[in-house]
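# coords please:
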Amino acid sequence: MIILDNHFHVDPYKGLFLEAVKQFHRAGGTHLNVVYKTAHDYGFEGMKAEDFIKAMDFHIKLVEKINKETEVRAFAVVGVHPAEFVYLAEKKGLEYAKSEVMRALEYAQKLCLERKAIAIGEIGRPHYEVSEEVWEASIELMKYGMSLAKEADCAVQLHTESFNEEKFRELGKIVKEVGIKPYRVVKHFSPPLVKVAKEVGVFPSIIASKKNIAEAIKQGNRFMMETDYIDDKRRPGAVLGPKTVPKRTKAFLQNGLFSEEDVYKIHMENPKKVYGVELEE
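Below is the predicted model of the structure:
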């Protein structure tokens, strides 16, 4: 049985790294989308495009190490986190920050075109309050990242503020404006608004709490599951622990909340459609 965690971080300095991946595997997990953390987390300053580029290359090496040294099949997702842009704008000014992040996102696109990564992410908007000009610039960068993904025909994983139906509809308008294929836009840390997401052409990646997944499956199986595991020993199990997605999937299947078809759709068919990758048994 294929079981994919759609949004999982690793940190070789502050976290468990390969041990977390092995925990995921022991619980029944088979595939991971390993998402770039921040340049700072990887030991780079994050003050210019080159720092982000080096951090992305470092991230690709971490994913290669997972594929070489564990039984899990891992895929890389690379980008510039919106918080990195906010920090850079505060330190060096808005226009400088925008220009450097755009260059870094172009490199993320290159990695996707070379099939070293399967998506640009996580990009988007800060989840905390910022000035109006930083907010507008974040939206501009999100659209730029989406347009790069459209050119490369790859997916984007979006980090945003807390979402509701209204925010989904707003995002749906941006998807149309950019012209990216709707199934290529993944809302990471999504609430279980499966029907609304489908309506507006966004793919929800839902935090795998019992409550969330129980609500999501009532609305259909057009979603993926994630932990947003941050791999920091100071915050063990945050956001959710590495074993959560396989354990929850198997429990839902055993309890009749998921059918075998649901599991196949959520963990194999949906990721294949969104990312264009084959998930081998």
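
# who's in contact with V34?
V34 sits next to F8, H9, V10, H59, L62, V63, I66, A74, F75, A76, V77 when contact means CB atoms under 8 Å, 6 or more residues apart in numbering. The C-beta positions use only the backbone N, C-alpha and C, and glycine is treated the same way.

# and with 6 Å instead?
Each residue near V34 by CB atoms under 6 Å, 6 or more residues apart in numbering is listed here: F8, V10, V63, A74, A76.

# that one: what secondary structure?
V34 carries the three-state label strand when classified by DSSP: H, G, I helix; E, B strand; the rest coil.

# which one is M146 nearest to, not counting chain neighbours?
In space, and not counting its chain neighbours, M146 is closest to V178: 4.5 Å by CB to CB, 6 or more residues apart in numbering.

# would you confirm that the one you found contacts S147?
Yes. The pair V178 / S147 is scored as a contact, 5.4 Å apart, by CB atoms under 6 Å.

# dump the contacts of V34 to TSV, plus pLDDT.
Putting the contacts of V34 into TSV (pLDDT from 0 to 100) gives the following:
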residue	pLDDT
F8	98
V10	98
V63	98
A74	98
A76	98
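
# between the residues you listed, which sits nearest A197?
Distance to A197, by CB to CB, is smallest for F8 among those, at 20.7 Å.

# next one: the closest one from F17, what distance?
According to CB to CB, to the nearest Å, F8 and F17 sit 11 Å apart.

# those two: which is more packed in?
Using other CB atoms under 10 Å as the criterion, F8 and F17 rank with F8 on top: 28 against 16.

# can I assume the more buried one is in contact with I230?
No. Under the criterion of CB under 6 Å, F8 makes no contact with I230, lying 9.2 Å away.

# most neighbours among the contacts of V34, which one is it?
Neighbour counts for the contacts of V34 (other CB under 10 Å) peak at F8, which has 28 neighbours.

# what about E215, distance to V194?
Per CB to CB, E215 is found 8 Å from V194.

# when those two are compared, which one has more neighbours?
A count of neighbours by other CB under 10 Å puts V194 above the other of E215 and V194, at 21 against 15.

# can you check the pLDDT for the more buried one?
We have a pLDDT of 98 for V194.

# my guess is it contacts F223, does it?
Yes. Using CB under 6 Å, V194 is in contact with F223, at 5.3 Å.

# name the residues contacting each of these two.
Here V194 and F223 share the contacting residues A216, scored by CB under 6 Å, 6+ apart.

# and H159, what does it touch?
H159 sits next to P82, E122, G124, H188 when contact means CB under 6 Å, 6+ apart.

# just S138 next, same as before
Counting by CB under 6 Å, 6+ apart, S138 makes contact with P82, R125.

# give me the low-pLDDT residue ranges for the protein?
Judged by pLDDT under 70, the chain has its weakly predicted residues at 281.

# show me where it has its strands.
In the chain, the strands defined using DSSP state E lie at 4-8, 31-35, 73-78, 119-124, 155-159, 185-190, 203-207, 224-226.

# dump those to JSON lines, plus distance to D41.
Below are these laid out as JSON lines (distance: least, CB to CB, whole Å):
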{"stretch": "strand 4-8", "distance to D41": "14"}
{"stretch": "strand 31-35", "distance to D41": "11"}
{"stretch": "strand 73-78", "distance to D41": "13"}
{"stretch": "strand 119-124", "distance to D41": "13"}
{"stretch": "strand 155-159", "distance to D41": "14"}
{"stretch": "strand 185-190", "distance to D41": "17"}
{"stretch": "strand 203-207", "distance to D41": "21"}
{"stretch": "strand 224-226", "distance to D41": "18"}
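
# highest mean neighbour count out of these?
Mean neighbour count (mean count of other CB atoms under 10 Å) peaks for strand 4-8 among the strands of the chain, with a mean of 30.

# any idea how far it is from the middle of the chain?
What separates the centre of strand 4-8 from the centre of its chain is 8 Å, taken as CA atoms, centre = their mean, to the nearest Å.

# and that strand, what other elements does it pack with?
Where contact means 3 or more CB pairs under 6 Å, 6 or more residues apart in numbering; DSSP states H and E, strand 4-8 is packed against strand 31-35, strand 224-226.
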